[in-house]
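Colleague: Next input, structure requested:
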Amino acid sequence: MEDAIEKAKVLMEALPYIKAFRGKTVLIKYGGSAMVDDNLKINIIQDIIFMQYVGMNPIIVHGGGYKINEVMRELGKEPTFVKGMRVTDKETAEIVESVLEEKINSELVGLISEHGGNAVGLSGKDKSLIMATRHIPESGEDVGFVGDVESINPDILNTLKKKGIIPVIAPVGIGSDSHTYNINADTAAGEIAAALKVNKLVILTDVRGILRDQKDDGTLLSTIRIDEVQGLMEEAIISSGMIPKVNACIRALRAGVAKTHIIDGRILHSLLLEIYTDKGIGTEIIK
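Modeller: Okay, here's the model as predicted:
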C-alpha cells in the first residue's frame, strides 16, 4: 500500500506540469550515451512517448558523431577535427548523411513506433527545412562541407504537429549551391527551437549539467541567466563541448523560447524528471 501511495504522490506532483505543458512544443536534442546504451535509448524513447500521450508535442534533433567515426574507420578513413568541427570532404559528407539518415534516424523512428508512438524521420534537406551556407572558420582553415544554418523552414514541422506525429530530424542542411552540409546537432536544435519558438529546448548530454567544478556533481548550477554566461566562459566553467550547447540555448531564448535545459541523459527518465517534477535534475538557462 505504501508503494501505491508514493506512486500516487508522484502523479499528483506531475499534474500541474502536465496541465501547464499540454499543447506545448518541446524540442529535444538527443545525443551522448543515451544514443549508445540500449537501455538508456529505450528509456528516453519511453519518456518522449509519455510526453506525447499527455499532450505535449515533442520534436527530436539527434546527433551521431560516435557512429560516424565508427563507420569512417571501418571504411579506412580516419576522422579529423578542427576546433571540434569534423573536417568534411565529399566522401565524408556522404558517410555523414548515410549514417545519420539510414542508420540512426531510421532506428529512432522504429523504436518510437515499436513503443507505441507515431514518428517520421526527416533530414534537414527535406522541404528545405535547414538551409545552410559553408562554414568559414576564423582561422581560415578549410573544413569542407561543414555548414552554418542560414534559415529554417518550419512548415513541415507545423504540418506534422497538427497530425500528432513526432519529427525525428537528422542535422544535415542543403545549400543554395545544392551541396549537402554537415550541421552541428546542438546548433541545428537551437535554430529550429528559435524558428518555432518552442516552449522548451532540452539538450541531453553526459554530465549533470553545468558544473562549477567538473569533478564534483555537487557543484551543479541549477539555474543560470544569459548575462552570467560570458563570465562562466571566461572562468572556463563553460568550456569545450558545452559551449555549442549553451550557445544553442541562448539563441533559442533570444528568439522567444521560454526555457532551456541541459541535462544528463544517463539518468533514467531524465526528461520526465526535468519537465514534470518540482526540482528538475540539470541546469536551466533562462533570460
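
Colleague: Tell me the buried residues in stretch 196-204?
Modeller: Buried residues in stretch 196-204, counted by 16 or more other Cβ atoms under 10 Å: 196, 198-204. Just so you know, the C-beta spots here come from the backbone N, C-alpha and C atoms, and that holds for glycine as well.

Colleague: That stretch: how far from the chain's middle?
Modeller: The offset between the C-alpha centroid of stretch 196-204 and the centroid of the whole chain comes to 9 Å, using Cα atoms, centre = their mean, to the nearest Å.

Colleague: start to end distance for it?
Modeller: Counting by Cα to Cα, to the nearest Å, you get 20 Å between the two ends of stretch 196-204.

Colleague: Check what contacts that stretch and list those residues.
Modeller: Where contact means Cβ atoms under 8 Å, 6 or more residues apart in numbering, the residues beyond stretch 196-204 that reach it are 21, 24-32, 34, 44, 59, 152, 154, 157-158, 186, 189-190, 193, 245, 248-249, 252, 255-265, 270-271, 274-275.

Colleague: now do 7 Å
Modeller: Residues outside stretch 196-204 that contact it (Cβ atoms under 7 Å, 6 or more residues apart in numbering): 21, 24-32, 34, 154, 157, 186, 189-190, 193, 245, 248-249, 252, 255-263, 265, 271, 274.

Colleague: Can you tell me which of those residues are buried?
Modeller: Among those, those classed as buried by 16+ other Cβ under 10 Å are 21, 25-32, 34, 157, 186, 189-190, 193, 245, 248-249, 252, 257, 259-263, 265, 271, 274.

Colleague: So which of the residues you listed are in helices?
Modeller: Among the buried ones among the contacts of stretch 196-204, the ones falling in helices (DSSP state H) are 21, 157, 186, 189-190, 193, 245, 248-249, 252, 271, 274.

Colleague: from those residues, which single one is nearest residue 9?
Modeller: Using Cβ to Cβ, residue 274 is the member of those that sits closest to residue 9, with 18.6 Å.

Colleague: got a pLDDT number for the closest one?
Modeller: As predicted, residue 274 sits at a pLDDT of 90.

Colleague: okay but it is in contact with residue 282, surely?
Modeller: Yes: counting by Cβ atoms under 7 Å, residue 282 is a contact partner of residue 274 at 5.9 Å.

Colleague: joint contacts of these two?
Modeller: For the pair residue 274 and residue 282, residues contacting each of them under the criterion Cβ under 7 Å, 6+ apart are 261, 263.

Colleague: okay, the helix or strand containing residue 227 in CSV with CA atoms only?
Modeller: Here residue 227, judged by DSSP states H and E, is contained in helix 226-234. The C-alpha trace of helix 226-234 is given here as CSV (Å, rounded to 0.1, in the frame of the first residue of the first chain):
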residue,chain,number,x,y,z
ILE,A,226,22.1,34.6,-20.2
ASP,A,227,24.0,37.6,-18.6
GLU,A,228,26.1,35.2,-16.5
VAL,A,229,27.3,33.0,-19.4
GLN,A,230,30.2,35.2,-20.6
GLY,A,231,31.7,35.2,-17.1
LEU,A,232,31.3,31.5,-16.8
MET,A,233,33.1,31.0,-20.1
GLU,A,234,35.9,33.3,-19.0
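
Colleague: Buried by neighbour count: which residues of that helix qualify?
Modeller: By neighbour count, with 16+ other Cβ under 10 Å as the criterion, the buried positions of helix 226-234 are 229, 232.
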